[in-house]
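Q: Kindly return the folded structure for what I paste below:
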Amino acid sequence: MPISDYLEAAVLNHVLRGVTYTPPAARCVALYTSNPTDADTGTEVSGGGYARQSVTFAAPAGGAVQNTADIVFPTATAAWGTITHVGIRDAVTGGNLLFYGSLSTPKTIGVGDTFKLPVGQLVCRLD
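A: Numbering: from 1, shown residues only. Sure, this is the predicted structure:
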């Protein structure tokens with residue numbers, strides 16, 4: 001998954017300039033109907049019962065981490081549109097985009113549908 005401009009600056013400042021970076025207290029998965037981009041300019045789903053979901057990651061292996069439990073979003077009470085991307089953010093609402101990526105197969109969410117990312121399907125890698 002690509003890393004956001006926000007997190008790039010935080011990591012570079014922390015590692016190479018000694019500027020303190022405090023890890024986020026929350027890590028939440030957000031769904032998007034357009035590419036969030038490094039600059040955090042995408043369209044996040046809103047309304048219709050949508051809420052970001054918390055995520056927990058396993059210890060790094062091979063330069064990557066992956067989710068340790070299914071990430072299940074609430075049942076849509078209105079159409080959410082076609083989900084094309086996911087992002088990892090540092091807050092339940094607002095906050096900063098950390099990582100983001102496109103879905104291999106976009107998924108249209110209508111009334112009564114749910115969206116789920118199974119264990120191990122959300123992978124963040126630093127190369």
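Q: hey, let's count contacts and neighbours off CA atoms from now on
A: Fine.
Q: Spit out the contact partners of the residue lying closest to Ala69 once chain neighbours are set aside.
A: In this structure, Ala69 finds its nearest non-sequential neighbour in Val119, 4.8 Å apart by Cα to Cα, 6 or more residues apart in numbering. By Cα atoms under 8 Å, 6 or more residues apart in numbering, the contact set of Val119 is 66-71.
Q: how does it look with 6 Å?
A: Neighbouring residues of Val119 by Cα atoms under 6 Å, 6 or more residues apart in numbering: 67-70.
Q: How much space separates Tyr6 from Thr114?
A: According to Cα to Cα, to the nearest Å, Tyr6 stands 30 Å off from Thr114.
Q: Ser4 too?
A: Ser4 is 27 Å from Thr114, by Cα to Cα.
Q: Looking at the two, which one has more neighbours?
A: Ser4 (22 against 15; other Cα atoms under 10 Å).
Q: mind checking pLDDT for the closest residue to that one other than its chain neighbours?
A: In space, and not counting its chain neighbours, Ser4 is closest to Asp38: 4.2 Å by Cα to Cα, 6+ apart. Asp38 carries a pLDDT score of 96 in this model.
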